[in-house]
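K.L.:
Mind folding the following:
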Amino acid sequence: MFRNIPHHISNAACERIQGCDLHEGDFGTVGSVVIWNYNHDGKPEVAKEVIEAVDDEKNSMTFKLIEGDLLDKYKSFKVSYEATPKNDGEGFVVQWTLEYDKLHDEIVDLHTLVQFVVDLSKDTEAHLLQKA
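P.N.:
Residues are numbered from 1 along each chain as shown. The predicted structure follows:
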């Protein structure tokens, strides 16, 4: 979903994701730019990201934030995921990685954003299982 039809994620996680729009290029291709409208810590936020890497073998993608609310607190911000098939062949285990550089030491760690990603993953899983 995150690669080819990220604009459908708002159907799976409407409390968290209000929309995903393609700004430049094609969904799921390196160099493309997507804009996410999401709700974090009870307030609407925006993230404009460029797709830096796609690996079909590893079922992985990396996004680099180029504009948005998070850049008010961070010099740089990248999000990566990798979906590894489970041993029993029933689904995947998804690992998210958040790489960031704080603007200053007073910026708190991203505990609520990590929880956001966990909840987003659970919402997406429930949506996909419901459709199966």
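K.L.:
Just to be sure, I66 is in a helix?
P.N.:
No - according to DSSP: H, G, I helix; E, B strand; the rest coil, I66 belongs to no helix; its state is strand.
K.L.:
Count the neighbours of it for me.
P.N.:
14 (other C-beta atoms under 10 Å). In this view, the C-beta of every residue, glycine as well, is placed from N, C-alpha and C.
K.L.:
for Y38, same thing?
P.N.:
Y38, neighbours per other C-beta under 10 Å, totals 22.
K.L.:
So it sits against R16, correct?
P.N.:
Yes - counting by C-beta atoms under 8 Å, Y38 touches R16, with 5.9 Å between them.
K.L.:
Now for those two: what residues contact both?
P.N.:
F116 (C-beta atoms under 8 Å, 6 or more residues apart in numbering).
K.L.:
now the most centrally placed residue in the chain, nearest residue through space, not along the chain?
P.N.:
Nearest to the mean C-alpha position of the chain, by C-alpha atoms, centre = their mean, lies V79 at 6.4 Å. Distances taken as C-beta to C-beta, 6 or more residues apart in numbering place F63 nearest to V79, at 4.9 Å, with adjacent residues excluded.
K.L.:
Likewise for G68?
P.N.:
In space, G68 is closest to A47, 3.9 Å off (C-beta to C-beta, 6+ apart).
K.L.:
got it, and S60?
P.N.:
In this structure, S60 finds its nearest non-sequential neighbour in E82, 4.0 Å apart by C-beta to C-beta, 6+ apart.
K.L.:
re earlier: next up, the contacts around the residue nearest to V79.
P.N.:
V34, E49, V50, I51, E52, K78, V79, S80.
K.L.:
Show me the shaky parts of the protein.
P.N.:
Applying pLDDT under 70 to the chain flags the ranges 1-5, 7, 132.
K.L.:
Longest helix in it, please.
P.N.:
Within the chain, and with DSSP state H defining each element, the longest helix by residue count is helix 111-131.
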